[in-house]
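K.L.:
next input, structure requested:
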Amino acid sequence: MAYTKPSAPFYTKLAMVLVSLIALFYIAILGKSILAPLVFGLLFAVLLLPLANLLEKKLRLPRSLASIVSVLLLVCTLAFILFLVGAQISTLADDWPLFKQQVLTSLGDLQRWISLKFHIRIKQQNTYLDNATSKLLATGSSVLGDAVLSLSSFVLFMVFIMFDTFFLLYYRRLIVRFLVSVFKEENSVTVYDIIAHIQSRIRQYILGLVLEMIIVAGATCLALWILGVKYAILLGLITGLFNIIPYIGIITAMILSALVTFATAGAAKVLIVAGVVFGIHLIDANVLLPVIVGSKVRINALITVLGVIVGENVWGITGTFLAIPVIAMAKIVFDRIEPLKAWGMLLGDERDEKEPEPLKEEIREEGGVDPEKHESSTAGAVSG
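P.N.:
Numbers count the residues shown, from 1 in each chain. Take a look at the predicted model:
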């Protein structure tokens with residue numbers, strides 16, 4: 001009579017899951033300064049991997065040099081994007097007198113409206129404004145210090161990301177061998193398959209986001225230019241960049257576009273600009289996103305919203321960027337491990353794709369393992 005090991009009770013499994021989740025989030029919060037650049041570096045390394053392989057195989061560059069060249073090309077691309085946005089913002093400073101006059105005029109209209117509706121005299125409103133201004137000036141030095149500190153932290157954060165990207169590219173084969181050696185030998189093909197699918201899916205996902213960003217930015221620039229809105233290029237770039245953040249980004253882009261339009265063209269065009277940005281977002285969410293991005297990694301809307309909220313609470317703005325790629329990687333792992341398939345089902349949606357076939361060519365290239373021979377040998381061992 002065969003002995004079957006009794007399974008743990010439900011409440012024991014539930015307690016273990018809850019404790020594991022609490023420990024995971026606690027470690028994530030404590031290790032933000034280390035883990036956040038590392039995850040960004042992982043995403044960039046996955047994106048740059050084909051380029052690094054091309055430089056190694058076609059141009060015969062050493063792996064270190066190929067990794068450095070790939071990272072430098074990434075830095076140049078990011079610097080070019082920042083240059084475009086910065087050039088547009090610098091032209092915005094030329095209209096500062098116009099902004100000031102528009103704000104003063106609108107403030108006067110608002111004060112008169114408050115005086116008529118709520119019977120608060122304009123002199124009393126000015127007293128409130130003076131008190132608020134004095135308090136703001138009193139804390140201005142600390143605000144300026146925090147801004148300088150945030151800028152220096154951002155620069156240091158980007159430096160860490162680039163270093164992590166370089167080392168992940170350089171030691172990628174060592175890391176893969178380590179991940180395979182952690183598990184049993186009969187699971188090696190599954191591990192290589194997970195690694196190959198994460199590389200493929202995340203790379204397609206990032207490229208899809210970049211393509212979506214370019215389309216949204218171009219459509220917004222064109223629509224606002226046709227409407228005669230000043231700084232249409234700047235507003236289009238802002239909308240495209242912020243569109244990467246699910247849900248929160250489009251709201252932020254809409255508010256910024258409305259403020260800039262209000263300062264340059266008055267209140268007449270604010271609703272039109274907000275409507276155009278929201279309309280482009282609807283087309284993007286219902287047409288572009290499912291075609292370009294949704295087919296790469298399919299995650300249901302509830303998990304997407306929860307992921308963005310949790311990411312923002314754990315890692316701030318950084319977490320909102322990383323939430324979807326991290327969930328996508330987790331789903332790939334869950335879908336290929338039998339005890340975790342229910343969690344993968346929870347992350348997907350009702351139209352979720354069937355489990356994809358193993359990426360056999362990528363598995364052979366990554367680990368030198370032939371999945372077909374491995375499967376046949378495993379089947380023979382089981383039948384024997």
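
K.L.:
neighbours around residue 200, how many?
P.N.:
16 (other C-beta atoms under 10 Å). The way it works is simple: take the backbone N, C-alpha and C, and place the C-beta from them, glycine included.

K.L.:
let me know the pLDDT of it.
P.N.:
Note on residue 200: pLDDT of 83.

K.L.:
and if you look at residue 62?
P.N.:
In this model, residue 62 carries a pLDDT of 92.

K.L.:
near it, how many other residues are there?
P.N.:
11.

K.L.:
give the contact list for it.
P.N.:
Residues near residue 62 by C-beta atoms under 8 Å, 6 or more residues apart in numbering: residue 56.

K.L.:
against residue 175, how distant is it?
P.N.:
18 Å (C-beta to C-beta, to the nearest Å).

K.L.:
residue 271 too?
P.N.:
Taking C-beta to C-beta, one finds residue 271 at 52 Å from residue 175.

K.L.:
what about those two, which has more around it?
P.N.:
Between residue 271 and residue 175, counted using other C-beta under 10 Å, the more crowded position is residue 175 (15 against 11).

K.L.:
low-confidence ranges in the stretch 201-350 of the chain?
P.N.:
246-247, 265-268, 289-298, 350 (pLDDT under 70).

K.L.:
give the other helices and strands that the helix or strand harbouring residue 345 contacts.
P.N.:
Applying DSSP states H and E as the criterion places residue 345 in helix 341-347. Applying 3 or more C-beta pairs under 8 Å, 6 or more residues apart in numbering; DSSP states H and E, one finds that helix 341-347 contacts helix 317-335.

K.L.:
for the helix it packs on, buried residues please.
P.N.:
Of all the residues in helix 317-335, those buried under the rule 16 or more other C-beta atoms under 10 Å are 318-332, 334-335.

K.L.:
now stretch 227-240
P.N.:
Within stretch 227-240, the residues scored as buried using 16+ other C-beta under 10 Å are 229, 230, 231, 232, 233, 234, 235, 236, 237, 238, 239, 240.

K.L.:
now do the helix or strand encompassing residue 196 and helix 317-335, the angle between them.
P.N.:
Assigned by DSSP H and E, residue 196 belongs to helix 188-226. Put simply, helix 188-226 runs at 140 degrees to helix 317-335, going by axes from the mean of the first three to the mean of the last three C-alpha atoms, to 10 degrees.

K.L.:
what's the next secondary structure element after helix 188-226?
P.N.:
Toward the C-terminus, helix 188-226 is succeeded by helix 232-242 as the next helix or strand (DSSP H and E).

K.L.:
so who does residue 125 touch?
P.N.:
111, 114, 115.

K.L.:
which SS state does it fall under?
P.N.:
At residue 125 the chain is in helix, as set by DSSP: H, G, I helix; E, B strand; the rest coil.

K.L.:
what's the pLDDT at it?
P.N.:
pLDDT for residue 125: 70.

K.L.:
what's the answer for the one 4 residues further on, then?
P.N.:
Each residue has a pLDDT score; the one for residue 129 is 68.

K.L.:
cool, and residue 52?
P.N.:
With respect to pLDDT, residue 52 has a value of 91.

K.L.:
for residue 227, see how far away residue 272 is.
P.N.:
6 Å.

K.L.:
how's the protein carved up into domains?
P.N.:
Domain assignment for the chain, taken from automatic domain parsing, gives 33-106+148-170, 202-370.

K.L.:
farthest-apart pair in the buried residues of stretch 227-240, please.
P.N.:
230 and 240 (18.1 Å; C-beta to C-beta).

K.L.:
in TSV: the domains of the chain, plus distance to residue 183.
P.N.:
Output for those, formatted as TSV (distance: least, C-beta to C-beta, whole Å):
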stretch	distance to residue 183
domain 33-106+148-170	19
domain 202-370	10
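
K.L.:
who are the packing partners of the helix or strand hosting residue 271?
P.N.:
Assessed by DSSP H and E, residue 271 sits inside helix 270-283. Applying 3+ C-beta pairs under 8 Å, 6+ apart, we find helix 270-283 packed against helix 188-226, helix 232-242, helix 248-265.

K.L.:
helix or strand right after that helix?
P.N.:
Once the chain leaves helix 270-283, the next helix or strand it forms, by DSSP H and E, is helix 301-315.

K.L.:
now the angle between helix 317-335 and that next one, please.
P.N.:
Using the same axes, to 10 degrees, helix 301-315 lies at 130 degrees relative to helix 317-335.

K.L.:
stretch 240-259 spans what distance, first to last residue?
P.N.:
17 Å (C-alpha to C-alpha, to the nearest Å).

K.L.:
who are the contact partners of the residue nearest the centre of the chain?
P.N.:
In the chain, the residue lying closest to the centroid (C-alpha atoms, centre = their mean) is residue 321, at 2.4 Å. Counting by C-beta under 8 Å, 6+ apart, residue 321 touches 244, 245, 311.
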